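Engineer: whatever this is, show me its structure:
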Amino acid sequence: MADIIRINDDTWRMEDNGVRFFLFSGTERAALIDTGRTAPDARSIAEGLTDLPLILINTHADPDHISGNGAFEEFYMSPAEEVVYRANGGKGRLIPVRENDVIDLGGRPLRIIDNPGHTPGSIAVLDEKNRVLIGGDSVQDGYIFMFGKHRDLGLYIASLKHLGVYDGLYDEVYAMHGSFPVAPGLVRQLIEGAEAVRDGKASGMPVDVYGHQVILYKFPYAGFLRED
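Structural biologist: Numbers count the residues shown, from 1 in each chain. Below is the predicted model of the structure:
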């Protein structure tokens, strides 16, 4: 079972074997943001923390973020992510969200930011009231998967640069992997590192990741996993 950690009166994080997901509550409803790696009970966990009606928002559809989706008949996700979601066995009805859509939990608006690259339909979520950015897998200080089908390093760099539109609107980043929280300045560092990888200016080392032979480009602030 995931470990439950209360952040404040209306926010929780669940730590689930190297990945985390979140529960945000407003005055009218609550939102799970992702459902973890090994948490088919993610909905039950959330319902044990709040009596509010519950919705689900997915930052993207990698398997370690959708383990509890089966308990929901519908969920919010970028339509660009549906192919990945179905390929990973995802069920239910996708409610499409796009750049600048706002999902209001009641006094707690969550603004959607298109953030593709790690996957085609990755999104970030801006908790405007609490000045927090939920960065999905794209903004973190762990190892960012950029190998295999659907990954696009150039698009990832462009998406990180697009986050500059929201500079000054958040004070912390809630990442799904790595340290919690991380500072907004990590975005600029990730751009620099990803550009160095793209431009052949970074040195890497071969590593095995779940049976895949890939190259790790490790920087002091994060790492990128890529194929040759």
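Engineer: give me every residue that touches the residue nearest the centre of the chain.
Structural biologist: Nearest to the mean C-alpha position of the chain, counting by Cα atoms, centre = their mean, stands Gly136 at 1.4 Å. By Cβ atoms under 8 Å, 6 or more residues apart in numbering, the residues touching Gly136 are Thr59, His60, Asn115, His118, Ser122, Ile123, Ala124, Met176. Using the backbone N, CA and C atoms, a C-beta is placed for each residue, glycine as well.
Engineer: show me these that map onto strands.
Structural biologist: Those of these mapping onto strands are Ile123, Ala124, per DSSP state E.
Engineer: want to throw the contacts of Gly136 into JSON lines with neighbour count and distance to Asp9?
Structural biologist: Formatted as JSON lines, these follow (neighbours: other Cβ atoms under 10 Å; distance: Cβ to Cβ, whole Å):
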{"residue": "Thr59", "neighbour count": "27", "distance to Asp9": "23"}
{"residue": "His60", "neighbour count": "26", "distance to Asp9": "28"}
{"residue": "Asn115", "neighbour count": "29", "distance to Asp9": "28"}
{"residue": "His118", "neighbour count": "25", "distance to Asp9": "31"}
{"residue": "Ser122", "neighbour count": "29", "distance to Asp9": "29"}
{"residue": "Ile123", "neighbour count": "29", "distance to Asp9": "26"}
{"residue": "Ala124", "neighbour count": "24", "distance to Asp9": "24"}
{"residue": "Met176", "neighbour count": "29", "distance to Asp9": "22"}
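Engineer: tell me the one of the contacts of Gly136 nearest Ile7?
Structural biologist: The shortest gap between Ile7 and any of these belongs to Met176, at 14.4 Å (Cβ to Cβ).
Engineer: my guess is that closest one contacts Asp16. True?
Structural biologist: No: with contact defined as Cβ atoms under 8 Å, Met176 does not count as touching Asp16 (9.8 Å).
Engineer: hang on, the earlier thing: just grab the bridge partners of the residue nearest to the centre of the chain for me.
Structural biologist: Ala175 (DSSP bridges).
Engineer: how far away is it from Ala202?
Structural biologist: Per Cβ to Cβ, to the nearest Å, Gly136 is found 23 Å from Ala202.
Engineer: quick revisit: now do the residue nearest to the centre of the chain, the pLDDT please.
Structural biologist: On pLDDT, Gly136 comes in at 96.
Engineer: give me the distance between it and Phe75.
Structural biologist: As defined by Cβ to Cβ, Gly136 lies at a distance of 15 Å from Phe75.
Engineer: cool, Leu105 as well?
Structural biologist: 15 Å.
Engineer: same thing with His150?
Structural biologist: Distance from His150 to Phe75, by Cβ to Cβ: 19 Å.
Engineer: just Ala175 next, same as before
Structural biologist: Separation of Ala175 from Phe75 (Cβ to Cβ): 21 Å.
Engineer: ok, Arg198 next?
Structural biologist: Separation of Arg198 from Phe75 (Cβ to Cβ): 32 Å.
Engineer: next one: Asn17
Structural biologist: For Asn17, the distance to Phe75 - Cβ to Cβ - is 21 Å.
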